[in-house]
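J.: Need a 3D model of the sequence below.
(one chain, ligands or ions: 2)
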Amino acid sequence: MFEPVVPGLARLGIVFINVYALGEPGGPWVLVDAGLKGSGDYIRRAADRRFRARPEAIVLTHGHFDHVGAAGLLADSWDVPLYAHPLETPYLTSLSDYPPRDPTMGGAMAQMSRVMPDHGYDFGPRVLMLPADGAVPGAPGWRWLHTPGHTPGHVSLLRESDRVLLAGDALATMDLDSWSAYLTRRRGFNRPSPPFTCDWATTRDSIGKLADLRPAVVAAGHGLPISGGGVAQELRSFVDGFTPPRRGRYVGSPPRAGDRGVEWLPQPVPDPYARGVALGMAFAAGALLFAARRRRRQS
Ligand SMILES: [Zn+2]
Ligand SMILES: [Zn+2]
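T.: Ligands and ions are numbered 1, 2, ... in the order given. This next block holds a predicted model:
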């Protein structure tokens with residue numbers, strides 16, 4: 001079910017991923033991001049329950065698999081456009097894949113990312129560019145801001161009247177590196193998903209730009225929304241202390257991307273965890289085989 005964050009903004013959680021709805025029931029509304037592949041029916045049912053009408057559009061903060069998984073299905077079933085930043089469209093129209101995910105910095109998301117996709121998508125003519133004047137089609141009062149770094153064409157959305165910020169994956173409001181955070185859902189400003197973030201200096205600049213807006217509420221693609229008196233100050237402190245991961249393929253030399261997608265990639269770096277992961281997988285496979293054999297013997 002969509003949960004209200006503030007009037008005119010509601011959140012729907014899908015595992016540890018959020019999609020958002022801009023607008024109130026009875027009026028026009030816009031879906032922001034489209035979750036995982038396979039979550040289309042869940043999003044549709046939740047949207048039907050809250051709005052009883054299709055949205056004006058789907059706005060994509062960026063094109064990663066956990067934000068566009070059900071975008072094609074939803075856009076087709078509602079017959080609505082998918083809006084994105086021009087620099088993100090190569091990954092939404094099959095012109096380019098994203099730079100390969102980089103799990104070499106370690107941490108929970110990095111290890112899980114080994115089985116996550118990093119390819120582009122082809123949503124064809126459904127993909128439209130966000131208007132250059134900053135307007136968000138179908139969501140008056142909101143404007144989009146280019147916040148690159150996590151991906152080249154990442155956008156965040158701001159409602160200026162009460163400084164409500166939808167940050168997408170420009171940052172996270174949970175610690176994606178910590179296994180326990182997925183259970184406790186502890187709130188706090190954190191780096192965007194490290195294995196999928198390509199340019200750390202630009203990521204920091206974009207978070208700085210968001211902190212300059214002095215938001216009163218921050219909702220992101222991952223984690224629970226943060227609100228209350230100290231939000232702007234907390235975000236400022238996060239920027240001031242911002243550090244990229246200690247190692248990783250893209251930490252020192254980000255890939256280059258243009259209006260047709262990825263143009264240059266740094267060389268791969270050694271993966272210090274690959275052996276541990278292989279050992280873990282072998283152990284898990286051994287345990288499964290042992291259990292299966294025992295079950296066979298018992299039957
Ligand atoms: Zn992402
Ligand atoms: Zn994400």
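
J.: going forward, measure contacts and count neighbours with C-alpha atoms only.
T.: Noted.

J.: Grab the nearest non-local neighbour of Asn190.
T.: Computed as CA to CA, 6 or more residues apart in numbering, the closest residue to Asn190 that is not its neighbour in sequence is Ala172, at 5.1 Å.

J.: My guess is that neighbour contacts Pro225. True?
T.: No - the criterion here is CA atoms under 8 Å, and Ala172 misses it with Pro225 at 9.6 Å.

J.: Those two - which one has more neighbours?
T.: Neighbours per residue (other CA atoms under 10 Å) separate Ala172 from Pro225, with Ala172 holding more: 24 against 20.

J.: wait, doesn't Phe242 sit right on Arg204?
T.: Yes - using CA under 8 Å, Phe242 makes contact with Arg204 at a distance of 6.9 Å.

J.: Who has more neighbours out of these two?
T.: For Phe242 versus Arg204, neighbours defined as other CA under 10 Å are more numerous around Arg204 (25 against 17).

J.: Report pLDDT for the spatially closest residue to Pro148 that is not a sequence neighbour.
T.: Leaving aside its chain neighbours, Pro148 sits nearest to His154 (4.9 Å; criterion: CA to CA, 6+ apart). On pLDDT, His154 comes in at 98.

J.: can you pull the contacts of His64?
T.: If you count contacts by CA atoms under 8 Å, 6 or more residues apart in numbering, His64 has them with Asp118, Gly120.

J.: how close does Tyr121 sit to Gly63?
T.: Distance, Tyr121 to Gly63, by CA to CA, to the nearest Å: 8 Å.

J.: Mind listing the shared neighbours of those two?
T.: Common neighbours of Tyr121 and Gly63 (CA under 8 Å, 6+ apart) are Tyr91, Leu92.

J.: Please identify which of these two sits among more neighbours.
T.: The neighbour count for Tyr121 versus Gly63, taken as other CA under 10 Å, is higher for Gly63 (27 against 23).

J.: tell me the contacts of that one?
T.: Glu88, Tyr91, Leu92, Gly120, Tyr121.

J.: now that we have those, which one has the most neighbours?
T.: In the contacts of Gly63, the most neighbours by other CA under 10 Å go to Glu88, 30 neighbours.

J.: Specify the local secondary structure of that residue.
T.: The three-state assignment at Glu88 reads helix, by DSSP: H, G, I helix; E, B strand; the rest coil.

J.: do you know how far the closest residue to it other than its chain neighbours is from Pro4?
T.: The shortest distance from Glu88 to any non-neighbouring residue, by CA to CA, 6+ apart, is to Gly153 (4.3 Å). Distance, Gly153 to Pro4, using CA to CA: 28 Å.

J.: again with Cys198
T.: To Pro4, Cys198 is 32 Å away according to CA to CA.

J.: Dihedrals phi and psi, Leu157?
T.: phi -120, psi 140 (degrees, to the nearest 10).

J.: My guess is it contacts Ala170. True?
T.: No - between Leu157 and Ala170 there is no contact under CA under 8 Å: 10.7 Å.

J.: With neighbour numbers in mind, choose between these two.
T.: The neighbour comparison of Leu157 against Ala170 (other CA under 10 Å) goes to Ala170, with 30 against 24.

J.: List the contacts of that one.
T.: For Ala170, the contact set (CA under 8 Å, 6+ apart) comprises Thr147, Pro148, Gly149, His150, His154, Val155, Ser156, Pro192, Thr203, Ser206, Ile207, Ala220.

J.: Please apply the same query to Pro244.
T.: Shown in contact with Pro244 (CA under 8 Å, 6+ apart): Arg191, Trp200, Val251.

J.: which one of the contacts of Ala170 is nearest Met112?
T.: Ranked by distance to Met112 (CA to CA), these are led by Pro192 at 14.6 Å.

J.: Pretty sure the closest one sits against Pro148.
T.: No - assessed by CA under 8 Å, Pro192 is found out of contact with Pro148, at 11.5 Å.

J.: what about the residue nearest to Glu88, neighbour count?
T.: 24.

J.: so Arg187 makes contact with Thr173?
T.: Yes - using CA under 8 Å, Arg187 is in contact with Thr173, at 5.6 Å.

J.: And the strands in the stretch 51-200 of the chain?
T.: Per DSSP state E, counting those that start in this stretch, the stretch 51-200 of the chain carries strands over the ranges 57-59, 82-84, 127-129, 142-146, 155-159, 164-168.
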